[in-house]
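A.B. asks: Everything below, folded, please.
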Amino acid sequence: MMSDPSMLTSNKNPRIQQIRKLQRSSRSRREEGLFVVEGIRLVEESLQAGWEPQMVLYTPDLNPRGLELVERFGAQGVAVIPVAPQVMQAASDTQTPQGILAVLPWRVVKRPAKLDFVVVVDGVRDPGNMGTILRTATAAGVQALFIPPGNVDPLAPKVVRAAMGAHFKLAVEQLAWPEIRQVLARQELVSYLADSSGGQPYAQFDFRTGTALVIGGEAAGAGQEAQYSAARRVHIPMAGEVESLNAAVAAAVLMFEVARPRGS
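C.D. replies: Modelled structure (predicted):
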C-alpha cells in the first residue's frame with residue numbers, strides 16, 4: 001500500500017514544533033492567541049460551538065466518528081493534516097493520544113449584559129481543580145468566571161481536558177482585580193469569599209440576589225486582593241475533624257447552593 005504523500009512523518013515539522021510549544025508554554029499560548037484541544041469529544045464540542053480551528057491533525061486509524069469530524073472541518077476549509085502515529089504522540093500532551101487534535105484561536109464567550117451569578121478564582125494553581133471548577137460552573141449556570149493573575153493558565157492542556165468543553169460555553173475572562181471590582185460594582189453583585197475558617201454557614205445567606213463567589217487556592221487560600229474585595233465570608237459546615245475541602249469540591253458545593261433557589 002502506498003503511503004499518503006501529504007502525511008506528516010517528521011516530529012521536526014514546523015507545525016508540530018508550534019503545537020509542542022503551545023502544549024508546554026503559557027507564554028506561547030498567550031502570544032499566539034492559540035490553544036490545543038485533544039480527543040474526539042473535545043474536538044466535537046468545538047465544532048458544535050462554532051469554533052474554527054487553525055488546523056486539525058489526525059491519524060489514519062481514527063475511528064469513523066473522528067473521521068466524520070475531519071471531513072466536516074475539511075469542508076469548511078480548515079487545514080486537516082494526516083500525521084503518522086509517532087508524530088501525533090510527539091504533538092500530544094497525553095500518554096495515549098486519541099488520534100485527533102485541533103489548534104484553536106482563543107476567544108472569550110460573550111457574557112450576558114446583566115450578570116447575577118459569577119465566580120472568581122484566586123490562587124488556584126492545580127490544573128485539575130481549575131478544569132473541574134470550569135466544568136462545574138457551566139453545569140451550575142454560572143454566567144462568567146473571572147481569573148485574576150496568580151492562577152494556573154486556564155488554557156493549559158490539563159485544564160482544558162478537565163473542563164470537558166466548558167471553554168466553549170462559559171465566559172472565561174482573565175482580568176486584574178481592579179477590573180473585577182469594577183464589574184462587580186457595576187453589576188451590583190455581592191461578593192462572598194469562601195473561607196474554611198470564618199464567616200457564616202452558607203445556609204444563612206440568601207443567594208437569590210446578584211452573587212459573586214470567590215474561591216481561593218488549594219494551599220494558601222485567597223490572596224490579599226480577594227480578601228480586600230470580599231463583602232462577606234461564607235463557609236461550608238463540616239462534621240468530624242475535617243478542616244477544609246478540596247478547592248474544586250468546595251466550589252461545587254457553593255455554586256450549586258447559589259443555583260438551588262434559582263432553579264438552575
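A.B. asks: what about the strands in the stretch 51-200 of the chain?
C.D. replies: Secondary structure of the stretch 51-200 of the chain (DSSP state E, counting those that start in this stretch): strands located at 55-58, 79-82, 100-105, 117-122, 144-146, 171-173, 190-194, 200-201.
A.B. asks: Who are the packing partners of the fifth one?
C.D. replies: Contact analysis of strand 144-146 by 3 or more Cβ pairs under 8 Å, 6 or more residues apart in numbering; DSSP states H and E lists strand 117-122, helix 127-140, strand 171-173 as its packing neighbours. Placement of C-beta: from N, CA and C, glycine included.
A.B. asks: How far does the first one sit from its chain's centre?
C.D. replies: For strand 117-122, the distance from its own C-alpha centre to the chain's C-alpha centre is 13 Å (Cα atoms, centre = their mean, to the nearest Å).
A.B. asks: between that strand and helix 127-140, how big is the angle?
C.D. replies: Angle of strand 117-122 versus helix 127-140, following axes from the mean of the first three to the mean of the last three Cα atoms, to 10 degrees, is 170 degrees.
A.B. asks: Show me what strand 117-122 is packed up against.
C.D. replies: Here strand 117-122 touches helix 127-140, strand 144-146, helix 177-186, strand 211-216, helix 224-229, helix 247-259, going by 3+ Cβ pairs under 8 Å, 6+ apart.
A.B. asks: Quickly compare these and say which is most buried.
C.D. replies: strand 211-216 (a mean of 26; mean count of other Cβ atoms under 10 Å).
A.B. asks: what's the pLDDT at the nearest residue to residue 131 once chain neighbours are set aside?
C.D. replies: Leaving aside its chain neighbours, residue 131 sits nearest to residue 162 (2.4 Å; criterion: Cβ to Cβ, 6 or more residues apart in numbering). Predicted confidence (pLDDT) for residue 162: 97.
A.B. asks: again with residue 6
C.D. replies: For residue 6, the model assigns a pLDDT of 78.
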